[in-house]
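>>> Sequence first, predicted coordinates after that:
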Amino acid sequence: MFKLSEIASVLQGRFIGPDCDTIGAVTTDSRQARPGQLFFALKGPNYDGHDFARQAFKKGGTGIVVEREIRDVSRQIVVTDTLQALGVLANFYRRKFAPMVIAITGTNGKTTTKNLIGRIMQAQAKTVMTEGTLNNQIGLPLTLLGLTPETRYCVLEMGTNHPGEIDYLCRIAQPDIGVLTNIGYGHLAGFRTRNDLVKEKLSLIQNLPPEGKAVVNAGIKSLWTSCTVVTFSLHRNARYHPARSVMDESGSTFYVGNNFYRTRLLGRSNVENIVCAIATTQELGAPYAVQQPVIESIKPAAMRLEPVTIGSYFILNDCYNANPNSMKEALLFLGSLKRRKVAVLGDMLELGKSSITLHKRVGKLASKQVDILVTVGDQAEFYGGNHFAARDQAIAFVTKQVRPGDAILFKASRALKFEELVGPVVSYIKDQGGT
């Protein structure tokens, strides 16, 4: 490990106190501080980590990184900007240990694709990957700071909600392989135009070295890169694509080339995520014998097109998030089921000036795919259907309408916490015997 004085030198900070070489990890959360950790005091709109720096150090920390000196702390590094310093240290680790870095971005499918690629490469060699959705200027550096000399692969998810964020993350991570799942309508509120969002996503590919490799959805055009480009798609317009696909309520089966794959993940969007992961890991040298067992073992993540079966009812809990692309895919999957279909939809947030138009567009699709449409939220009224301002009214309506054998989809942006609607409906169905 590195001495505290060495880290201070890397950060070009002012080192205060006796040296220490027992640094075991880095944290930015004083509540989770443990002995041996180095605490970075970050500042946000509603908090200031400096207020908790002393507390983190008293829990056995080796030192703190701060923008102003903290009294009664014996070891600290004072820097100009702690968030920037976190990125600098993460880049130092990335260069020191030199794993193969795979960075993933896109409007939809980032986390699922990251999990697939990460799990497959873990079966090959020591791999570090983004935990959950820690894909921003704090989460990505913390992932890199988990590298060790034994790490061969590092799989990173990159999110963005404003221009320049992916470029900044790339400067820290220096990816060898860039994976672009798709570019749709999401987080538009942080960009002036959709073209600005497209440029932001494409910056991942532009940051790759000439010897790097880009794994890109074939539907994305105007790529400007000197590195090798590998395409994937649901269609035959790509190097990697599925054939003989069969999709139902239990998952999907399909071929890529001569290889047969089976998955419990639902819908064609997840087939595309899997094909993307197959393309990436095959390019990294992972054989079919490693890929298929991992792909078959992965279960739907909580609130991500998660199936819940109660008796004859089939519930789709897709409450983690929503944008026009993911709404479309969820509705198309719901519409493909041979059941009576109920969709309970909420707002899609961060769509900026296009919000009303995009809600109406999703509503038009929903009207063709479902038998009963229920909506909740300020923007959700533009879907059409049976609209309710209050959640309890929507729940009461849904419980009166549903009947055995129905498929019921719940989907909205994360801020609406639509899982709070799922719970009462599930309880009602169970109380009725779930037949």
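Here it is on my side, so go on.
>>> make it CA atoms for all contacts and neighbour counts henceforth
OK.
>>> which stretches of the stretch 301-435 of the chain form helices?
Taking DSSP state H, counting those that start in this stretch to define them, one finds helices in the stretch 301-435 of the chain at 324-336, 355-369, 391-401, 419-431.
>>> Test my guess that Phe254 contacts Arg262.
Yes: using Cα atoms under 8 Å, Phe254 makes contact with Arg262 at a distance of 6.7 Å.
>>> Show me the one of the helices of the stretch 301-435 of the chain that comes nearest Asn108.
Nearest of the helices of the stretch 301-435 of the chain to Asn108, taken as Cα to Cα: helix 324-336 at 6.7 Å.
>>> Quick one: list the elements packing against the closest one.
Counting contacts by 3 or more Cα pairs under 8 Å, 6 or more residues apart in numbering; DSSP states H and E, helix 324-336 is packed against helix 267-283, strand 341-346, helix 355-369, strand 407-411.
>>> which residues are contacting the last one?
Applying Cα atoms under 8 Å, 6 or more residues apart in numbering, the set of residues contacting strand 407-411 from outside is 313-322, 327, 334, 337, 339-346, 418-419, 422.
>>> Convert the C-alpha atoms of that strand to CSV, please.
Output of strand 407-411 as CSV, limited to C-alpha atoms (Å, rounded to 0.1, in the frame of the first residue of the first chain):
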residue,chain,number,x,y,z
ALA,A,407,-50.5,-9.0,-16.5
ILE,A,408,-49.9,-5.8,-14.7
LEU,A,409,-47.0,-3.4,-15.4
PHE,A,410,-45.9,-0.7,-13.0
LYS,A,411,-43.4,1.8,-14.4
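>>> tell me the mean pLDDT for it?
Computed over strand 407-411, the mean pLDDT rounds to 98.
>>> what lines up beside that strand in the sheet?
Here strand 407-411 has these sheet partners by DSSP bridges: strand 313-318 (parallel), strand 341-346 (parallel).
>>> Take the ones you listed and lay them out in a markdown table including distance to Ala103, mean neighbour count and mean pLDDT.
Output for the strands paired with strand 407-411, formatted as a markdown table (distance: least, Cα to Cα, whole Å; neighbours: other Cα atoms under 10 Å; pLDDT from 0 to 100):
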| stretch | distance to Ala103 | mean neighbour count | mean pLDDT |
| --- | --- | --- | --- |
| strand 313-318 | 25 | 22 | 97 |
| strand 341-346 | 31 | 26 | 98 |
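>>> would TSV of the ones you listed with distance to Val88 be doable?
Shown next, in TSV, are the strands paired with strand 407-411 (distance: least, Cα to Cα, whole Å):
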stretch	distance to Val88
strand 313-318	37
strand 341-346	40
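>>> would a markdown table of the helices of the stretch 301-435 of the chain with mean pLDDT and distance to Cys170 be doable?
Conversion of the helices of the stretch 301-435 of the chain to a markdown table gives the following (pLDDT from 0 to 100; distance: least, Cα to Cα, whole Å):
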| stretch | mean pLDDT | distance to Cys170 |
| --- | --- | --- |
| helix 324-336 | 96 | 25 |
| helix 355-369 | 97 | 30 |
| helix 391-401 | 96 | 41 |
| helix 419-431 | 94 | 34 |
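>>> which of those is buried the deepest?
Ranked by average neighbour count under the criterion mean count of other Cα atoms under 10 Å, these are headed by helix 324-336 at a mean of 20.
>>> Tell me what angle that one forms with strand 313-318.
Counting by axes from the mean of the first three to the mean of the last three Cα atoms, to 10 degrees, helix 324-336 lies at 170 degrees to strand 313-318.
>>> Can you give the contact residues for helix 324-336?
108, 184-186, 266-269, 305, 318, 341, 343, 348, 358-359, 362, 365-366, 369-370, 407, 409, 411.
>>> and if we set it to 7 Å?
Asn108, Gly184, Tyr185, Gly267, Ser269, Lys341, Leu358, Val362, Ala366, Gln369, Val370 (Cα atoms under 7 Å, 6 or more residues apart in numbering).
>>> cool, and stretch 196-212?
Outside stretch 196-212, the residues within contact range by Cα under 7 Å, 6+ apart are 105-106, 163-164, 166-167, 170, 175-178, 183, 191, 214, 224-228.
>>> ChimeraX command for the buried members of these?
Entered in ChimeraX, the line below selects the buried ones among those, by 16 or more other Cα atoms under 10 Å:
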select :105,106,163,166,167,170,175,176,177,178,183,191,214,225,227
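>>> mind listing which of the contacts of stretch 196-212 are in helices?
Of the positions in these, Ile166, Asp167, Cys170 sit in helices, assigned by DSSP state H.
>>> and which of those is nearest to Lys353?
Comparing the ones in helices among the contacts of stretch 196-212 against Lys353 with Cα to Cα places Ile166 closest, at 23.0 Å.
>>> okay but the closest one is in contact with Thr160, surely?
Yes: between Ile166 and Thr160 there is a contact at 6.3 Å, judged by Cα atoms under 7 Å.
>>> Where do the domain boundaries of this structure fall?
The chain breaks down into these domains under automatic domain parsing: 4-79, 86-297, 306-431.
>>> before we move on, the earlier item: closest one to Glu69 among the helices of the stretch 301-435 of the chain?
That would be, of the helices of the stretch 301-435 of the chain and by Cα to Cα, helix 419-431, which comes in at 43.7 Å.
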